[in-house]
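[1] with the input below, show me the fold.
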Amino acid sequence: EVQLVESGGGLVQPGGSLRLSCTASGFIFGNYDMAWVRQAPGKGPEWVSGINSAGGSAYYADAVKGRFTISRDNTKNTVYLHMDNLKPEDTAVYFCAKPNGDRLSGSVYLVDWQWWGQGTQVTVST
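    Numbering: from 1, shown residues only. Prediction:
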């Protein structure tokens, strides 16, 4: 059974930082690209960032470019999202995502990805 378990969220003031973690099981983690997706209250899901299977290439949505850094440790089956200079508009539930179906990789489009579980809540507020 595929499992993705996110952690590391919390309440932070604008300008603050957080590091999210996602530990995967049930599949060969190192064979797959991974991504982070977020969903703000009352809005649809938004692709945030992706990283290739080896960790050598990373991609970001314009809204987070220059502030967020995605990384992975294939020895720990874990993908991270380090978030700096957080803004109130970053408030959302954050999910890590695996390529959909039989894909090993994905693009910036949500249709390429699947995510489930509870995610981790990030709230940016004074």
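
[2] would you map the strands across this structure?
    Here the chain has its strands, by DSSP state E, at 3-7, 10-12, 18-25, 34-39, 45-51, 58-60, 68-73, 78-83, 92-99, 113-114, 120-124.

[3] lowest-pLDDT helix or strand in the protein?
    strand 113-114 (a mean of 94; mean pLDDT, DSSP states H and E).

[4] if I pick Thr120, what's in contact with it?
    6-9, 20, 93-94 (CB atoms under 8 Å, 6 or more residues apart in numbering). For the C-beta atoms, the positions are set from N, CA and C on the backbone; glycine is no exception.

[5] run a quick neighbour tally on Leu110.
    17 (other CB atoms under 10 Å).

[6] apart from its chain neighbours, what residue comes closest to it?
    Trp47 (5.4 Å; CB to CB, 6 or more residues apart in numbering).

[7] I figured that neighbour hits Gln39, correct?
    No: shown here, Trp47 and Gln39 do not form a contact pair, counting by CB atoms under 8 Å, at 10.8 Å.
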